[in-house]
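Give the three-dimensional model of this entry:
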Amino acid sequence: MKKLIAVVTLLLAFSINANAQDKTELTSTDKGTKEAAMLTEYLGLNDTQNADFARLFIQKHTVLEDKSLTAERKQELSRVVDAKIRASLDGNQIEKLEKNPELFKTLIN
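Below you'll find the model as predicted:
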């Protein structure tokens, strides 16, 4: 009986620990929404633009979660995200974004 209680206790301890670790990781939605918020704050975008970029970045992170993704495919994804960002912004916004290479690199990679 003591062994059974010990086994159940250990099982519960490990399952609680595993759940706590899972909750600390950000989902694709969280990451994409956060990146869109950073871009919106930096460039002063409106709510519609923020929602559009959130969808783009969520899609990017969903694709990046694929473990079988090759380096070439990742590079192509970065190129496509870069092109979509440039197509969605005006010249002044693109210039401002290019002046912050850390943010721009975070958004496209």
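
low pLDDT regions in the chain?
Applying pLDDT under 70 to the chain flags the ranges 2, 4, 6-24.

nearest spatial neighbour of the most centrally placed residue in it, skipping sequence neighbours?
Per Cα atoms, centre = their mean, the C-alpha nearest to the average position across the chain is that of Lys31, at 2.9 Å. In space, and not counting its chain neighbours, Lys31 is closest to His61: 4.6 Å by Cβ to Cβ, 6 or more residues apart in numbering. Just so you know, the C-beta spots here come from the backbone N, C-alpha and C atoms, and that holds for glycine as well.

residues in contact with the helix or strand hosting that neighbour?
Per DSSP states H and E, His61 falls inside helix 47-64. The contact list for helix 47-64 (Cβ atoms under 8 Å, 6 or more residues apart in numbering) reads 28-29, 31-33, 35-37, 39-40, 45, 69, 74, 77, 81, 84-85, 88, 107.

continuing past it, what's the next helix or strand?
Defined by DSSP H and E, the subsequent element after helix 47-64 is helix 71-88.

Between helix 47-64 and that next one, find me the angle.
If you take axes from the mean of the first three to the mean of the last three Cα atoms, to 10 degrees, helix 71-88 sits at 170 degrees to helix 47-64.

Pull out the buried residues from the one helix or strand Lys96 maps to.
In this assignment (DSSP H and E), Lys96 forms part of helix 91-98. Neighbour counts over helix 91-98 (16 or more other Cβ atoms under 10 Å) mark Gln93, Ile94, Leu97 as buried.

I'd like the distance from that helix to the chain centre, please.
Its chain's C-alpha centre and that of helix 91-98 lie 22 Å apart, by Cα atoms, centre = their mean, to the nearest Å.

and what of stretch 89-105?
Offset of stretch 89-105 from its chain centre (Cα atoms, centre = their mean): 19 Å.
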